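Visitor: here you go, sequence then predicted model.
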Amino acid sequence: MKILIAYSSKTGNTRKLAEAIHLALPGADLCPVENAPNPAAYDLVFAGFWVEAENANHTMVGFLQKLSGIKTALFATLGAYPDTQHAAASMKAAVAQIPDAVVVDRFICQGAIDPEMIEWMEMLPENDKNAPTEARRTLWKDAASHPDENDLNAVAKWAQQVLKNQAALA
């Protein structure tokens with residue numbers, strides 16, 4: 001089975017997940033999405049992105065739109081907790097970018113937030129909806145340690161299971 005792992009990463013979080021998947025699936029091709037080959041040449045594509053405005057980031061959206069009818073496993077990082085409505089909505093929005101989507105599985109975990117984004121939010125007035133709160137600062141602190149070793153092990157096991165499931169269907 002020919003496998004592509006294409007990813008978009010702003011701060012390195014999603015790249016770490018992609019590299020962990022590649023270690024678990026060493027025969028796969030790994031590349032940043034900007035250098036990705038034609039996905040139609042692959043039997044399975046792992047597409048990784050960072051969440052931007054409750055969707056895949058802009059660069060990845062363009063790639064997702066090329067995955068029509070291709071078996072795809074999505075993986076992502078976001079600053080929020082992975083079990084939130086925000087995380088679920090972000091993954092749903094990413095799936096919606098793929099025409100005739102054949103999404104075989106999904107994985108999402110927390111990732112450190114871009115320090116520039118935190119700086120920007122720290123300067124917002126208190127009445128702004130994005131202004132810092134104690135809960136938001138706790139989230140930023142929690143996110144700063146991710147993806148951690150547990151996340152990397154989990155995404156590797158997930159990728160192996162995705163491949164196993166696809167091989168069983170073939």
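Guide: Nice, thanks for sending it over. Residues are numbered from 1 along each chain as shown.

Visitor: which helices and strands does the helix or strand hosting Ala154 pack with?
Guide: Per DSSP states H and E, Ala154 falls inside helix 149-169. Under the contact definition 3 or more Cβ pairs under 8 Å, 6 or more residues apart in numbering; DSSP states H and E, helix 149-169 sits against helix 13-24, strand 44-50, strand 71-78, strand 102-110. Where C-beta positions appear, they are placed from N, C-alpha and C, glycine not excepted.

Visitor: each with direction, which strands does the last one pair with?
Guide: Strand 102-110 has the following sheet partners, assigned by DSSP bridges: strand 71-78 (parallel).

Visitor: next helix or strand past the partner strand?
Guide: Next along the chain after strand 71-78, taking DSSP H and E as the criterion, comes helix 85-96.

Visitor: any buried residues in that next one, and which?
Guide: Residues of helix 85-96 classed as buried: Ala87, Ser90, Met91, Ala94 (neighbour count, 16 or more other Cβ atoms under 10 Å).

Visitor: nearest to Ala154, of the residues you listed?
Guide: When those are compared for distance to Ala154 (Cβ to Cβ), Ala87 wins out at 14.5 Å.

Visitor: is it true that that closest one touches Cys109?
Guide: No. Using Cβ atoms under 8 Å, Ala87 makes no contact with Cys109, being 9.0 Å away.
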